[in-house]
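Trainee: One predicted model, sequence on top.
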Amino acid sequence: MNAEFIKELEKEQLKENAPQFNVGDTVKVHGLIKEGNRQRIQVFEGTVIKIQGKSSRVTFTVRKSSNGIGVEKTWPLHSPLVEKVEVVRLGKARRAKLNYLRGRIGKAAKVKELVK
């Protein structure tokens with residue numbers, strides 16, 4: 001009985017227009033940031049390293065290089081703090097999690113573009 005109740009709660013929290021992207025894609029994440037009593041939207045652009053979870057618990061991790069330092073951020077996909085996710089370019093990835101990108105720098109950290 002409790003499992004059904006939890007499923008109903010999670011179904012209400014899902015976004016209707018959840019963005020469609022895959023691991024390896026380069027995306028721009030428009031995240032809502034609250035500073036005191038002010039709100040603003042900050043854009044974080046990078047490569048999707050992993051997507052994990054199911055239902056309303058789906059999270060995705062985006063990695064970018066900022067001034068030669070790797071920066072990773074993880075967001076819940078259905079969170080109200082994620083305003084929108086734009087796909088900049090499609091990437092060709094042959095595995096589910098691109099953890100090997102963490103050890104690479106510069107051009108070696110790129111994912112090949114998927115041409116359709």
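Mentor: Sure thing, it's come through.
Trainee: And the helices in the chain, which stretches?
Mentor: 2-13 (DSSP state H).
Trainee: Show me which strand runs longest in it.
Mentor: Assignment by DSSP state E gives strand 38-52 as the longest strand of the chain.
Trainee: Now do stretch 6-24, average pLDDT.
Mentor: Across stretch 6-24, pLDDT averages out at 85.
Trainee: Actually, stretch 55-64.
Mentor: 91.
Trainee: Would you mark the buried spots in that stretch?
Mentor: Ser56, Val58, Phe60, Thr61, Val62, Arg63 (16 or more other CB atoms under 10 Å). C-beta here means a position set from N, CA and C on the backbone, and glycine is covered the same way.
Trainee: Now do the contacts for Thr74.
Mentor: Thr74 is in contact with Thr59, Phe60, Thr61, Val62, counting by CB atoms under 8 Å, 6 or more residues apart in numbering.
Trainee: can the residues you listed go into a markdown table with extra columns for distance to Glu113?
Mentor: Below are those laid out as a markdown table (distance: CB to CB, whole Å):
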| residue | distance to Glu113 |
| --- | --- |
| Thr59 | 25 |
| Phe60 | 19 |
| Thr61 | 20 |
| Val62 | 17 |
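Trainee: Out of the residues you listed, list just those in strands.
Mentor: Per DSSP E, the contacts of Thr74 map to strands at Thr59, Phe60, Thr61, Val62.
Trainee: Can you say which two of those are spatially most distant?
Mentor: Spatially, the most separated pair among the ones in strands among the contacts of Thr74 is Thr59 and Val62, at 10.6 Å (CB to CB).
Trainee: shared neighbours of these two, anything?
Mentor: Thr74, Trp75.
Trainee: Kindly state the beta-bridge partners for Glu35.
Mentor: Beta bridges link Glu35 to Arg38, judged by DSSP bridges.
Trainee: And the one 10 residues further on, by the same measure?
Mentor: The residues listed as beta-bridge partners of Glu45 by DSSP bridges are Lys28.
Trainee: Was I right to think it contacts His30?
Mentor: No - at 10.1 Å, Glu45 does not count as touching His30 under the criterion of CB atoms under 8 Å.
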